[in-house]
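# what follows is a predicted protein model with its sequence.
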Amino acid sequence: MSKTVFLDRDGTLNREIGFIGSPDRLELLPGVPGALRRLHDRGYRLVITTNQSGIARGLYTERDLARVHERLHGLVQGLPFAYLHCPHHPDAEGGDPAYRRDCTCRKPKSGLLHQACAMLKGFGVSLEGSVVIGDSARDLLMANGLPLTKVLVASGKPVEAERQKLRDAGCVPDHEAADLPAAVSWLLEQ
Ligand SMILES: [Mg+2]
Ligand SMILES: [Zn+2]
């Protein structure tokens, strides 16, 4: 069974600039395509898991997000296997009320991981031996108590605040790296 790396998007693959509702706002971080290529060549499946409450807030639509991901997919040479997002927010205003709810898929909840496994288990996607990489505490908390390796990257949100949130939650990262290329180098040495 192949292993999967569950990757956060904003601050991990592309620059963290707040809500991204159009493809031209997407700016890849340095070395990201090469880092994804190294993972892919070592047999890892790449699955993007991202909170997109901008949909619940009415800032952009599912179709806009699909356009952003189409551009991202091109920029990273078609390497990701799947993109999963949470469009919800419990108290968002301005968008479709159908998205305003306390869902189970908004990170730090683990719903996106379970969705990915349910949808993709026929392709060998499972939690056991897999990895999460993200710049936010909630990216790692999503995997807290689950059998995944957790890597925090310092390429997005101010990292000390994220470290503190992890400490407060009793969640210890397996590794912290400056950015995705460094995280991948560490992972492939394990
Ligand atoms: Mg992020
Ligand atoms: Zn959700």
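Cool, got the structure. Numbers count the residues shown, from 1 in each chain. Ligands and ions are numbered 1, 2, ... in the order given.

# strands along the protein, start to end?
With DSSP state E as the criterion, the chain has strands at 4-7, 45-51, 82-86, 130-134, 148-153, 175-177.

# could I get the ones you listed as TSV with mean neighbour count, mean pLDDT and distance to ligand 2?
C-betas here are computed from N, CA, C, even on glycine. Shown next, in TSV, are the strands of the chain (neighbours: other CB atoms under 10 Å; pLDDT from 0 to 100; distance: least, CB to the ion, whole Å):
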stretch	mean neighbour count	mean pLDDT	distance to ligand 2
strand 4-7	26	98	15
strand 45-51	23	98	8
strand 82-86	19	98	3
strand 130-134	27	98	16
strand 148-153	24	98	19
strand 175-177	17	98	27
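
# and for the spatially closest residue to Lys109 that is not a sequence neighbour, the neighbour number?
Spatial nearest neighbour of Lys109, chain neighbours left out: Met142 (6.8 Å); criterion: CB to CB, 6 or more residues apart in numbering. Look at Met142: counted by other CB atoms under 10 Å, it has 27 neighbours.

# contacts only, for the closest residue to ligand 1 within the chain.
For the chain and ligand 1, the shortest gap (CB to the ion) falls at Gly11, measuring 3.6 Å. Contacts for Gly11 (CB atoms under 8 Å, 6 or more residues apart in numbering) come out as 134-136, 153, 155-157.
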